[in-house]
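Chemist: Okay, sequence plus prediction incoming.
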Amino acid sequence: MSDARFEDGAERPLRLMAETAEDLPVLSTLLQDALGQPTEMKWQRTRRRFAMLLKRFRWEDREAATRRGRKFERVQSMLVIEDVLAVRSTGVDAGDPDLILSVLSLEFSPGEDWTGSLLFTLSGDGEIAVDVEAINLTLTDVTRPYVAPTNRAPDHGVD
């Protein structure tokens, strides 16, 4: 019997949890260049939950797609954050139904005890800050992968 390989899960829907600050770089990498709209984000104040439906670029499949000469893919994913105390944003017009947000990174700024803020940096100088009582995120693919409309991998000019 051999150990599991990263490629073994390539054709299965992704479902990852983050419960510590050390878990977040993996989610940040997978969320880089994910696209979303303010209309696809919801803060349920009484349930202390913030959810985002995103069109995630499949970074985990990029190398295989390049090697096999096939098109790059995106997949719709739900990011659910539990134990939310507050949500705030800058540079995001929640009333604009045509606004497309692109996630650049996700970082955690710790507070006292287990509290802190999850900071989503968006292209175009936008930010979404989610104050949490504890780190409790789940990223789940909710559709089958589909061909990325641009058929290009995002490129930030950094090697």
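Modeler: Received, thanks. Residues are numbered from 1 along each chain as shown.
Chemist: For this protein, which segments count as helices?
Modeler: Taking DSSP state H as the criterion, the chain contains helices spanning 24-31, 59-68.
Chemist: mind checking which of these is nearest M52?
Modeler: Among those, helix 24-31 comes nearest to M52, with 9.3 Å by Cβ to Cβ. Placement of C-beta: from N, CA and C, glycine included.
Chemist: Check which helices and strands the closest one sits against.
Modeler: With contacts taken as 3 or more Cβ pairs under 8 Å, 6 or more residues apart in numbering; DSSP states H and E, helix 24-31 sits against strand 15-18, strand 49-57, helix 59-68, strand 101-110, strand 137-141.
Chemist: which other residues reach the last one?
Modeler: What it means is strand 137-141. With Cβ atoms under 8 Å, 6 or more residues apart in numbering as the contact definition, strand 137-141 has outside contacts at 13-18, 24, 27, 30-31, 56, 75-82, 118.
Chemist: are any of those buried, and which?
Modeler: Applying a neighbour-count criterion of 16 or more other Cβ atoms under 10 Å, the buried members of the contacts of strand 137-141 are 14, 18, 24, 27, 30-31, 56, 75-82, 118.
Chemist: Any stretches of the chain with poor pLDDT?
Modeler: Residue ranges of the chain with pLDDT under 70: 1-11, 157-159.
Chemist: I appreciate the help and will end here.
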